[in-house]
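**Q** Below are the sequence and a predicted model; questions follow.
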Amino acid sequence: MKEKIITLKVDGALTGQWSSLLLELNLMKRAWKSYGVDITMKASGLKNVLTYGTRVNDDAKKVRRNSS
């Protein structure tokens, strides 16, 4: 099958909106992978958004105090 390319030009999105858009596209990418669709994403800040936006219960960073 021939490779298909989609180009999105986003203008006027705030930082939070941009992060949400990238995270939602990543969710679609993961969901479609089980159907044999391989999606490649390229965007500014993509690595950082996906690193921090897909964390689940990162307990290593919590500070716990003992009650004395």
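**A** Good, I have the coordinates.
**Q** Helix or strand: which one has Ser44?
**A** For Ser44, there is no host helix or strand (DSSP states H and E).
**Q** again, but for the one 5 residues further on
**A** Taking DSSP H and E as the criterion, the element that holds Val49 is helix 46-53.
**Q** so how far is that helix from its chain's centroid?
**A** 6 Å (Cα atoms, centre = their mean, to the nearest Å).
**Q** Next: stretch 7-14.
**A** With Cα atoms, centre = their mean as the basis, the mean position of stretch 7-14 lies at 16 Å from the chain mean.
**Q** for that stretch, how far is the first residue from the last?
**A** 19 Å (Cα to Cα, to the nearest Å).
**Q** Contacts for that stretch, please.
**A** 18, 21 (Cβ atoms under 8 Å, 6 or more residues apart in numbering). Bear in mind the C-beta positions are built from the backbone N, C-alpha and C, glycine included.
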